[in-house]
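Asks: okay, structure incoming, though there's no sequence with it:
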C-alpha cells in the first residue's frame, strides 16, 4: 500500500515548522511561508489549527480543471504534479481543489502544490510527537499504519 | 526598497512612521550597527538612546515606540517568533523592553522590515497598515473603545485577509493605564511596563501587517542539519529531557509546583511564600481541570501554550490560550484565590481590556490589603467589599482599573503611585521596584531574585534570569554569597536571545547554550559569530541600557526592593521569618556592579567600561552626570 501524508488536526499545535521547512525545501533555502505547499489555517480563538496539504487524489480535480494539461501524474510517486513550464497561471486548479490545498506563487505566476519532497516529506520530520501525546500531527505512512497508530 | 548587497537573516530595512506629520520613511539598516547590536533589545536600545533624549515624558510625542525583530526572527530556529517593543516606560520613566511571541514578529519580517519606529502623535485615533512595501496610516475612530479581541477581529475583517497579524491596544491603553499591554494573536502580549499606554498616548490603536517576502539564509543546509541533529537531541534525549517533557506537557504553570515547594510563591500580597491551596491552581491541576490541547508560537516545538476551556461552574464557556504561571500566581495565590476557572476568567478580562495580568494581580492584592487595614473604605471602592479569596471583588475591580473608574483611576497608575496617593503607611506594602510591580517570585526566600528585581532596568522583573532552581540547589540558603555571579551569568545568557530575537524558554529548559545560538546565528547571517562576540554583546547591551537609565537620573538608590521585602519577616514556609537586609542587598549590589564595571557609589558604567565596549559616545554623554542622587529621593 502506498504511503500518504496524513494530518491529525486535533493535535496540531500551530507551530508552522511544516510551513517553514517546506518553503526552505522548495525555495532554494529561503524562508517564505507564503510559498509553503502546506499551510496551517488557524482559528486561534477556538484553539483550532489545521494543516492544509494536498491529499494526492487518485482522480485529481486540479488536473481535470487544468485547461493546458500542466498537471501530470508523476509516474514514480503516482501523484499529480505541476509542470511549471506549461502552467499559465489561470488558477483553475486552485478553484477546483475541494480542500483548498492548491496554492499559488504570485511572484512566478504558477500553481504550487505538495510534491511529497520526492517521497521524503520534510514537514513530517519537523512535526514533533510530544511525549505526552505519543504521536505527531503529520504522518507519512500507509493507511493501515495510520489506523493502527490512532487506535492505541 | 533598497538596492543593496544581499543580506542574510535581516530584511535590511527600518521603517519610520511619524504620526504627527503622517510621514512614512524607509531607511537602510546599517550592517555595522546590526553586527554590533544584533537586533531586538540591542538594536532598540541603540535607537532609543540616540533618539529619545533625557527627561522626555513617556506620553510625549517625542517618545518613540521602537518595535524590533532580529536576524533569527522568522527563521528555522527554536522560538524564532518574538518581537520587542522598546520605549520609555510610563510606569518607571526608565528603559522598557517588552516582548511577545505568536506570529507578528515573523510577519513584520516577511513584509520586509527588521524594525519599526513610531514617533509623534496622531490628531485622532489611527492604525497603521503595512502590506509589504505599502504602508498607510488609517482612521481608527471606529475601533476606539473596542477591546483587544474585537479590534483584532475587526481589523482582519476590514483588511479582508485572515492572515493579517496585528498588535493592538484595548481600552486600558487608550486610557493610559500605566500597565496597559500590546496584544497580538489574541493570546500574546507585550505585557509589562505599559507599552500599550505609549501607543494610546500616540492615538495609535494598532499595527496590522501582511508580508509575502522571503528571508534569505546564508547556509540553509547547515541550519537544517543542525536543527535536525544536535538541537533536536536537546529536546529528545539531552540531559534536560525530564524538564523538557514536563514543560511540554504542563507549560509555564508547572513553575508553581517549584515556587510552592521552595517557598517563594507570592501569597496574599506577598505576605507569605506558600499557598495552602496551590494544588488547586498549579500545573497539574490546570492540566487536569481545564487544558484541552497544546499550542505553539511560530517555529517552536515546545508547545508550552495550553488551550483551556472551562467546562463547569460559574465561568463555564471561558476559553483562552493560557493562563500562564505568572497569572495563576498573581491573580491566584497572591489574591488568595484557589479556583483555576476564576483565574482564567480574570485573565480573559485583563487580556481583552488590555492590562498586564502580573501588575493587575499585584495592584488588586495591594488594594485588598489597603481595604483590610482601613486605608481604603467601602465608600472609596464604590461599595466593593475587598477581601482575599473573594472572586467577585477581583472581577469587578479589573474593569474599573482598565476604564479608570472610581478607585480604579488611582489603581491604574500602579501600586507605587497609589500608595503615595493613599498614604497612611500603604507604601510599606506596595510591591514594586522603580514603579513596576513585582511578578510572581517572593524575594525574601530568594536573594538571587531580590538582586534581579533590584538591578533589572525595567523594574521588578522575572524575565532577565531565572535563578529559582540553581539557587535552591547549589547556593547556601539565604545568604548573599554567589548571587551576583549567578544573576549576571543568567542575565547575560539571555541577552543574545533577546537580541536574536527568539523566545528564551526553549533554550532555558533544554539547556541550549550560547555556543549553539552562535552557530544558529552564523548559519543564518553568514557572519562568523563565536561565543566571545556574544559575551561582549551582552556586556555592551547591559551597560548601554544602564546608561540610558543613568541619563534619566537613575542611581544606585533606585536598585532597591519594596519595603515589605526589606523589613517584614516572611510568613510560613522554609524561609519563615526571613527578609532581605540592607547589608545583604548592598553586598550583592557591590559585587554585581564590580562584575559589570559599574561605579559602586553611583551604579554608573565607568568610562573605561563603556570605552572597552565600543560605547565611547555613551561615555561622552554620561560624563558629568554621575553622582546625582536618586531621582525619586
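Replies: Arrived safely. Just so it is clear, the structure is predicted and the values come from calculations on it, not from any experiment. Numbering: from 1, shown residues only, chains lettered A, B, ... in the order given.
Asks: domains of chain A?
Replies: Following automatic domain parsing, one gets these domains for chain A: A:1-54+A:115-152, A:58-113.
Asks: which of the ones you listed sits closest to chain B?
Replies: Proximity to chain B (Cβ to the nearest Cβ) singles out domain A:1-54+A:115-152 among the domains of chain A, at 2.9 Å. From N, CA and C alone the C-beta is placed, and that goes for glycine too.
Asks: the closest one near chain B anywhere?
Replies: Yes: using Cβ under 8 Å from any Cβ of the partner chain, domain A:1-54+A:115-152 reaches chain B at A:10-11, A:13-17, A:20-21, A:23-24, A:27-35, A:44-47, A:49, A:125-126, A:128, A:130-133.
Asks: about what we covered before: need the winner for burial among the domains of chain A.
Replies: Among the domains of chain A, the stretch with the highest mean neighbour count (mean count of other Cβ atoms under 10 Å in any protein chain shown) is domain A:1-54+A:115-152, at a mean of 19.
Asks: give the contact list for the closest residue to chain A within the stretch 151-300 of chain B.
Replies: Among all residues of the stretch 151-300 of chain B, residue B:220 sits closest to chain A, at 2.9 Å; criterion: Cβ to the nearest Cβ. Taking Cβ atoms under 8 Å, 6 or more residues apart in numbering or on different chains as the contact definition, residue B:220 lies against A:24, A:28-30, B:523.
Asks: helix, strand or coil for residue B:87?
Replies: strand (DSSP: H, G, I helix; E, B strand; the rest coil).
Asks: okay, and the beta partners of it?
Replies: residue B:96 (DSSP bridges).
Asks: how long is stretch B:220-235 end to end?
Replies: End-to-end distance for stretch B:220-235: 21 Å, by Cα to Cα, to the nearest Å.
Asks: return the set of buried residues in it.
Replies: Applying a neighbour-count criterion of 16 or more other Cβ atoms under 10 Å in any protein chain shown, one finds B:220, B:222-224, B:226-227, B:231-232, B:234-235 buried in stretch B:220-235.
Asks: all strands of chain A, in order?
Replies: Taking DSSP state E as the criterion, chain A carries its strands at A:4-7, A:38-43, A:48-53, A:71-73, A:80-82, A:103-105, A:110-112, A:138-141.
Asks: low-confidence ranges, chain A, go.
Replies: Residue ranges of chain A with pLDDT under 70: A:1, A:152.
Asks: so how far is the lengthiest helix in chain A off the chain centroid?
Replies: In chain A, ranked by residue count with DSSP state H as the criterion, the top helix is helix A:17-26. The chain centre lies 11 Å from the centre of helix A:17-26; the measure is Cα atoms, centre = their mean, to the nearest Å.
Asks: got a list of contacts for that helix?
Replies: Outside helix A:17-26, the residues that reach it (Cβ under 8 Å, 6+ apart) are A:30-40, A:51, A:112, A:114-115, A:117, A:122-123, A:125-127, A:138, B:75-76, B:214, B:217, B:220, B:224, B:299-301.
Asks: mind doing that once more with 7 Å?
Replies: Contacts with helix A:17-26, where a contact means Cβ atoms under 7 Å, 6 or more residues apart in numbering or on different chains, come from A:30-33, A:35-40, A:51, A:117, A:122-123, A:126-127, A:138, B:76, B:220, B:224, B:299, B:301.
Asks: repeat for stretch B:138-150
Replies: Residues outside stretch B:138-150 that contact it (Cβ under 7 Å, 6+ apart): B:124-127, B:129, B:151, B:154, B:168, B:170-171, B:174, B:183, B:186, B:205, B:351-354.
Asks: in that stretch, what counts as buried?
Replies: Neighbour-count burial for stretch B:138-150 flags B:138, B:140, B:143-144, B:146-149 (criterion: 16+ other Cβ under 10 Å).
Asks: export these to a markdown table and append columns for secondary structure and pLDDT.
Replies: Formatted as a markdown table, the buried residues of stretch B:138-150 follow (DSSP: H, G, I helix; E, B strand; the rest coil; pLDDT from 0 to 100):
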| residue | secondary structure | pLDDT |
| --- | --- | --- |
| B:138 | strand | 98 |
| B:140 | coil | 98 |
| B:143 | coil | 98 |
| B:144 | coil | 98 |
| B:146 | coil | 98 |
| B:147 | coil | 98 |
| B:148 | helix | 98 |
| B:149 | helix | 98 |
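Asks: check contacts around the most centrally placed residue in chain A.
Replies: For chain A, the residue nearest the mean C-alpha position is residue A:53 (2.8 Å; Cα atoms, centre = their mean). Going by Cβ under 7 Å, 6+ apart, residue A:53 touches A:5, A:7, A:37-38, A:101, A:114.
Asks: which SSE is residue B:141 in?
Replies: Using DSSP states H and E, residue B:141 maps to neither a helix nor a strand.
Asks: can you give me phi and psi for it?
Replies: Dihedral pair for residue B:141: phi -60, psi -30, per degrees, to the nearest 10.
Asks: how far away is it from chain A?
Replies: To chain A, residue B:141 is 25 Å away according to Cβ to the nearest Cβ, to the nearest Å.
Asks: how far away is that residue from residue B:205?
Replies: Applying Cβ to Cβ, to the nearest Å, the value for residue B:141 to residue B:205 is 9 Å.
Asks: for residue B:441, what are phi and psi?
Replies: When read as degrees, to the nearest 10, the backbone of residue B:441 gives phi -140, psi 130.
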